[in-house]
Structures are given as structure tokens and as C-alpha cells.
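J.: below is the structure, and that's it, no one-letter string:
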Ligand SMILES: [Zn+2]
Ligand SMILES: [Zn+2]
């Protein structure tokens with residue numbers, strides 16, 4: 001036990017206070033006891049950390065939208081009998097807020113259920129209607145506006161430059177663009193290996209990293225001025241665009257190896273699913289199968305807005 005107090009002795013007051021109060025659901029009893037002992041040694045009176053402190057701590061750190069809704073939930077719990085003697089377990093997991101109390105009080109648990117349903121379809125940032133989705137490897141619950149704002153998108157690419165997160169960049173400011181393989185270190189020797197573009201500026205400002213996850217990635221590669229591109233890039237891109245096939249779902253010329261760049265994004269490949277259906281020996285009209293499979297994916301309603309920003313591919317007819 002002494003050993004544990006030693007381990008915590010480097011923690012600041014605030015960290016120990018959280019361990020002993022609002023965050024105690026995350027720690028073992030012996031760690032909480034050690035934190036309390038250290039706080040007593042430091043003459044910190046824990047009784048001053050009441051429900052108001054708990055509510056502020058639990059609600060903060062997720063964005064203003066969720067903060068407001070979590071506060072409303074906790075206030076309702078307090079009115080109905082929750083106090084800081086009842087341990088709260090709370091966390092964000094895969095873009096959803098989770099909270100439970102160490103109590104079997106029916107009313108308190110029903111209040112939590114009701115509010116979690118509201119919180120988890122509300123934008124973390126602004127509180128408007130939101131959906132949970134993945135953005136560049138992380139999960140968030142966001143409204144359409146904040147989803148688009150958070151998503152990595154290269155806008156307004158033309159022969160003058162491009163725009164990222166409302167900042168305009170001109171090709172003339174750029175001293176070098178390194179096309180790298182997925183390990184971030186090696187320069188790509190051919191088109192298929194390109195995973196990342198690191199953009200360097202003449203004025204030595206911070207570099208920008210772009211990758212295949214960004215909307216308009218292929219258009220960006222296509223528009224890099226020849227001064228900044230390896231000699232093989234234009235020819236390889238032309239070859240790539242020629243191999244793309246027609247997608248019956250979106251009607252863009254954007255299919256490579258059974259998956260569609262335009263429909264795809266982070267979704268499982270719709271066209272892969274189509275092949276599986278065919279292997280079962282069932283016969284469908286092709287377009288019908290695609291559209292049916294698409295509806296199974298329960299796409300976030302914002303996906304079409306995001307797709308409409310993708311300008312790398314052209315719409316075509318069979
Ligand atoms: Zn929002
Ligand atoms: Zn498609």
C-alpha cells in the first residue's frame with residue numbers, strides 16, 4: 001500500500017482530487033485510498049468538491065454541444081436524488097457518450113437512458129441533430145456542418161492553388177511536394193506506392209501532409225504543376241484514369257479492383273457485396289442489386305453532401 005502512495009506522490013493536487021471524487025469509477029479502491037491519504041497530507045478538504053464540481057468535470061471536454069446536454073442530464077439526476085456519494089462511470093467510446101451510476105434506482109436509470117438517446121444523436125460541437133461516424137480513423141457524433149468541417153477535404157484545386165480548412169495555398173508558395181509511401185519516409189518510385197504528399201513552402205512555414213483519405217486527392221495529384229511533380233506522375237495518372245470502370249451506383253467512372261472511389265470512402269465496398277450475391281447463384285438485375293446493397297449500409301445522411309464535394313472523377317453513361 002505504501003508503494004502505491006509513492007507512485008501517486010508525483011501527481012498534482014487536481015489529478016488526485018479527480019481520482020478521489022468524480023473519476024473514482026475508473027480506479028481500484030486501493031488507488032483511491034492512496035489518493036485520499038495524499039490529499040489529507042496536503043491539507044486538501046475533499047468535502048468542498050460537491051455535485052457542482054462533479055457536473056462541471058463530467059460535462060467538460062467534449063465540445064459545447066454535448067457539454068450543455070450532459071449538464072441538463074446531471075441536473076435532472078441531482079433533482080431526482082443523485083449525489084456525489086453515488087459513483088458515476090462515464091466515458092466517450094467510439095464517438096458515443098456513455099454514463100451509468102452505481103445504483104439500481106429505477107428513476108435515475110430511466111433518466112440516464114432518456115438523455116443518452118438525445119446526446120448520442122446530437123452534434124458534440126453544436127448540439128444540433130448529429131450522427132455517429134468515422135472521420136479519418138476517429139469516431140465522432142457530428143451534424144452535417146461540423147462533419148464536413150472536420151473531414152479532410154482539399155477545396156478549389158486549380159492551376160493557381162488550392163484551399164484547406166479555409167486557408168488558401170498558391171502553387172507558387174510551394175518549394176517542393178514529396179510524394180511518399182505509407183511509411184512516411186520513402187519517396188514513391190511509382191504511382192501505386194503514393195500514400196502521402198508532404199507539401200513544403202519557400203517561407204519555411206510548417207509542412208502540410210495530405211493522403212489518399214482526403215477528398216479530392218486524385219484531383220490534387222493531377223493538378224500539381226510539373227515543376228513540383230516527378231516526371232512519371234502525369235503518365236501514370238493518365239494510365240490510372242483509363243483503367244477506371246463505370247460504377248452503376250453513382251454513375252461515375254471511378255471503379256478500380258471491384259471498389260468505387262466515389263461511393264467508397266470508409267464504407268465497405270458495395271461492389272464486393274454484389275459479387276458475393278452473384279456467387280450464391282441468384283440472378284438480379286445489376287443496378288437493382290447495387291441499390292439494394294447500398295440501402296443495407298445505412299449510410300449517414302450526410303454522405304451525399306460529402307460526395308458532392310469530390311471532384312476527382314467524372315460522371316458518365318454506359
Ligand atoms: Zn454541429
Ligand atoms: Zn460508385
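T.: Okay, I see it. What you see is a predicted model; the values in this text were computed from it and never measured. Ligands and ions are numbered 1, 2, ... in the order given.

J.: what about residue 15, which helix or strand?
T.: helix 13-20 (DSSP states H and E).

J.: can you tell me what sits against that helix?
T.: 8, 11, 27, 31-32, 35-36, 38-39, 42, 44, 46, 49, 57 (C-beta atoms under 8 Å, 6 or more residues apart in numbering). Backbone N, C-alpha and C define where each C-beta goes, glycine included.

J.: got the contact list for residue 23?
T.: For residue 23, the contact set (C-beta under 8 Å, 6+ apart) comprises residue 57.

J.: quick check: the gap between it and ligand 2.
T.: Applying C-beta to the ion, to the nearest Å, the value for residue 23 to ligand 2 is 46 Å.

J.: and residue 128, by the same measure?
T.: Computed as C-beta to the ion, the residue 128 to ligand 2 distance reads 29 Å.

J.: what's the closest non-adjacent residue to that residue?
T.: Distances taken as C-beta to C-beta, 6 or more residues apart in numbering put residue 143 closest to residue 128, at 4.2 Å, once the chain neighbours are dropped.

J.: just to revisit the earlier point, who wins for most neighbours among the contacts of helix 13-20?
T.: Counting by other C-beta atoms under 10 Å, residue 35 has the largest number of neighbours within the contacts of helix 13-20, with 25 neighbours.

J.: show me what whatever helix or strand that residue lives in is packed against.
T.: Following DSSP H and E, one finds residue 35 within helix 29-41. Packing partners of helix 29-41 (3 or more C-beta pairs under 8 Å, 6 or more residues apart in numbering; DSSP states H and E): helix 2-8, helix 13-20.

J.: name the next helix or strand following it along the chain.
T.: In N-to-C order, the element after helix 29-41 by DSSP H and E is helix 51-59.

J.: list the buried residues for stretch 203-216?
T.: For stretch 203-216, a neighbour-count test (16 or more other C-beta atoms under 10 Å) marks 208, 210, 211, 214, 215, 216 as buried.

J.: nope, stretch 217-233 is what I was after
T.: 217, 218, 219, 220, 221, 222, 223, 224, 228, 229, 230, 233.

J.: need those residues in a markdown table with distance to ligand 1 and pLDDT, can you?
T.: Converted to a markdown table, the buried residues of stretch 217-233 look like this (distance: C-beta to the ion, whole Å; pLDDT from 0 to 100):
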| residue | distance to ligand 1 | pLDDT |
| --- | --- | --- |
| 217 | 25 | 93 |
| 218 | 29 | 93 |
| 219 | 27 | 95 |
| 220 | 27 | 96 |
| 221 | 31 | 96 |
| 222 | 32 | 95 |
| 223 | 31 | 97 |
| 224 | 33 | 97 |
| 228 | 36 | 96 |
| 229 | 37 | 94 |
| 230 | 40 | 93 |
| 233 | 38 | 95 |
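
J.: may I ask which two of these are separated the most?
T.: Farthest pair in the buried residues of stretch 217-233 (C-beta to C-beta) is 219 and 230. Separation: 17.7 Å.

J.: was I right about residue 244 contacting residue 255?
T.: Yes - using C-beta atoms under 8 Å, residue 244 is in contact with residue 255, at 6.1 Å.

J.: now for these two: what residues contact both?
T.: In contact with both residue 244 and residue 255: residue 261, using C-beta under 8 Å, 6+ apart.

J.: so who does residue 107 touch?
T.: So residue 107 contacts 80, 81 (C-beta under 8 Å, 6+ apart).

J.: and it, how far is that from ligand 1?
T.: Relative to ligand 1, and taking C-beta to the ion, residue 107 is found at 31 Å.

J.: ranges for the strands of the stretch 201-318 of the chain?
T.: Secondary structure of the stretch 201-318 of the chain (DSSP state E, counting those that start in this stretch): strands located at 208-211, 245-246, 253-256, 259-260.
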